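Chemist: Using only what follows, build the 3D model:
(chains A and B)
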Amino acid sequence: MIFTLSIYIVTTALLLLSFFKNKTKTKIALRKSWRSFENILPQFLSVLMLIGIILSILSPETISMLLGKDSGWFGVASASLIGSITLIPGFIAFPLASALLKSGAAYAQIAAFISTLMMVGVVTFPMEIKFFGKKSTLIRNSFAFVFSILIAVIIEAVLE
Amino acid sequence: MKYKIKHIIKKYRFFFILLTVNFALLTYDFSLGANAFKLTGVNLLEMLSILPPVFILLGLLDVWVDKALMIKLTGEGSGLKGALIAFLIGSLAAGPLYAAFPIAGVMLKKSSKFSNVIIFLGAWSTTKVPMLIFEASSMGVKFTVLRFLLNLPVIVLIAVIMEKMLSKEEKTEIYEKAEKL
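Modeler: Numbering: from 1, shown residues only, chains lettered A, B, ... in the order given. Prediction:
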């Protein structure tokens, strides 16, 4: 609550500052804000709905079996693979991750999913290769994958 | 008008499908369906309470951060300052990782240092400020801070490793590639 409140205060202050410095730019900024929000809204609503449906059907026991503490390396590995392959925007991944955590998933598995989702992009390989070439793309993604798992293990150790 | 409605239906088709599924669930097992609706509602309210400032920040950053100038400051010999600026361009950005590649291409074209371009990519993928705020609101401040702190060295490490693992010729090739795009 305090966190949300302070974000609102800072944003309002920055918005006012921007408005006093340049009205036109501020209007453009707000239009961009609205457009990016509107862009993500359909997927956003869908995923919230999907989370609702899945969590009401799957029991916490099932989720914790697949992604909980006892899923161990198998859970971490499958979470990392899913994170690497899929292309999910953060605005959709974080609510999902948080919902899974609340219903029995463990930190290591969820952190592995989030980390690989952010850093490793199998689907975007062709695009990355176009700019950086094969070798560079392969090196960046492989190290990103390995470090993601490392980060996940450390997060688990600290937060549990 | 007709076009507009069609457009909205197409855009929200997954949502409508899921809505139908949820209603079907309601008729199949009332408490199950009601629970799904309740979960969706609670999550929606929670998310909507943080989204306005996140998106306003996103728009403000987009308008006020002068990317062209920052790219100019990340060239060979820009040292720690260049690396820091590359990190800032990535962190103050908005959009998915694939939107970062064209900008990385511009950086290469303007002869930013190779490791700085990789630092930019790393920051873009993991430490974007509006996304960090959103992350903290859904995953908790502790998780977010910890992940952020762990990612900082990783971003630098990957840049260093890549600078070392790619030969001079390979890097020249990448720069030439960017020139052609």
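Chemist: tell me which element the residue lying farthest from the centre of chain A is part of?
Modeler: Largest separation from the mean C-alpha position in chain A: residue A:20, at 34.2 Å (Cα atoms, centre = their mean). For residue A:20, the host element (DSSP states H and E) is helix A:2-21.
Chemist: Tell me which other helices or strands the helix or strand following that helix touches.
Modeler: Per DSSP H and E, the first helix or strand lying C-terminal to helix A:2-21 is helix A:23-57. Applying 3 or more Cβ pairs under 8 Å, 6 or more residues apart in numbering or on different chains; DSSP states H and E, we find helix A:23-57 packed against helix A:2-21, helix A:90-102, helix B:13-28, helix B:30-64. From N, CA and C alone the C-beta is placed, and that goes for glycine too.
Chemist: centre of the chain versus stretch B:143-153, how much separation?
Modeler: For stretch B:143-153, the separation from the chain centroid amounts to 15 Å (computed by Cα atoms, centre = their mean, to the nearest Å).
Chemist: what do you get for stretch B:34-41?
Modeler: 29 Å.
Chemist: give me the low-pLDDT residue ranges for chain B?
Modeler: B:1 (pLDDT under 70).
Chemist: Report whether the helix holding residue A:20 contacts chain B.
Modeler: Yes. For helix A:2-21 and chain B, the contact criterion (Cβ under 8 Å from any Cβ of the partner chain) is met by A:3, A:4, A:7, A:8, A:10, A:11, A:12, A:14, A:15, A:18.
Chemist: likewise stretch A:81-101?
Modeler: Yes. Using Cβ under 8 Å from any Cβ, we find that stretch A:81-101 touches chain B at A:87, A:89, A:90, A:91, A:94, A:95, A:97, A:98, A:99, A:101.
Chemist: Can you redo the residues you listed as JSON lines, where the extra columns are neighbour count?
Modeler: Shown next, in JSON lines, are these (neighbours: other Cβ atoms under 10 Å in any protein chain shown):
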{"residue": "A:87", "neighbour count": "13"}
{"residue": "A:89", "neighbour count": "16"}
{"residue": "A:90", "neighbour count": "20"}
{"residue": "A:91", "neighbour count": "23"}
{"residue": "A:94", "neighbour count": "23"}
{"residue": "A:95", "neighbour count": "22"}
{"residue": "A:97", "neighbour count": "26"}
{"residue": "A:98", "neighbour count": "22"}
{"residue": "A:99", "neighbour count": "21"}
{"residue": "A:101", "neighbour count": "20"}
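Chemist: Rebuild these as a markdown table, extending it with pLDDT.
Modeler: Rendered in a markdown table, the data for the residues of stretch A:81-101 next to chain B read as follows (pLDDT from 0 to 100):
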| residue | pLDDT |
| --- | --- |
| A:87 | 80 |
| A:89 | 82 |
| A:90 | 85 |
| A:91 | 84 |
| A:94 | 92 |
| A:95 | 90 |
| A:97 | 93 |
| A:98 | 92 |
| A:99 | 90 |
| A:101 | 92 |
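Chemist: thinking again about what came up before, output the contacting helices and strands for the helix holding residue A:20.
Modeler: Under the contact rule (3+ Cβ pairs under 8 Å, 6+ apart), helix A:2-21 is packed against helix A:23-57, helix B:30-64, helix B:129-139.
Chemist: For the shortest one, which outside residues touch it?
Modeler: Yep, that's helix B:129-139 we're talking about. With contact meaning Cβ atoms under 8 Å, 6 or more residues apart in numbering or on different chains, helix B:129-139 is reached by A:3-4, A:7, A:90-91, A:94-95, A:97-98, A:101, A:114, B:46-47, B:50-51, B:53-55, B:57-58, B:61, B:91-92, B:94, B:143-145, B:147-148.
Chemist: Could you tell me which of these count as buried?
Modeler: A:7, A:90-91, A:94-95, A:97-98, A:101, A:114, B:46-47, B:50-51, B:53-55, B:57-58, B:61, B:91-92, B:94, B:143-144, B:147 (16 or more other Cβ atoms under 10 Å in any protein chain shown).
Chemist: So which of the helices and strands packed on helix A:23-57 is the most surrounded?
Modeler: Ranked by mean neighbour count, these are led by helix A:90-102 with a mean of 21 (mean count of other Cβ atoms under 10 Å in any protein chain shown).
Chemist: Quick check: what element follows it along the chain?
Modeler: For helix A:90-102, the succeeding helix or strand toward the C-terminus, using DSSP H and E, is helix A:107-119.
Chemist: how far out from the middle of the chain is the helix or strand following that next one?
Modeler: If you walk from helix A:107-119 toward the C-terminus, the next helix or strand you reach (DSSP H and E) is helix A:125-159. Mean C-alpha position of helix A:125-159 versus that of the full chain (Cα atoms, centre = their mean) differs by 15 Å.
Chemist: And for stretch B:80-99?
Modeler: 10 Å.
Chemist: ok, back up a step: just name the closest of the residues of helix A:2-21 next to chain B to residue A:68, please.
Modeler: residue A:3 (27.0 Å; Cβ to Cβ).
Chemist: after the host helix or strand of residue B:145, next one along is what?
Modeler: Residue B:145 belongs to helix B:141-165 when assigned by DSSP H and E. Going down the chain from helix B:141-165, the next helix or strand is helix B:168-180, by DSSP H and E.
Chemist: What helices and strands are in contact with that following helix?
Modeler: Short answer (3+ Cβ pairs under 8 Å, 6+ apart): helix B:168-180 packs on helix A:125-159, helix B:100-109.
Chemist: Many thanks, have a good one.
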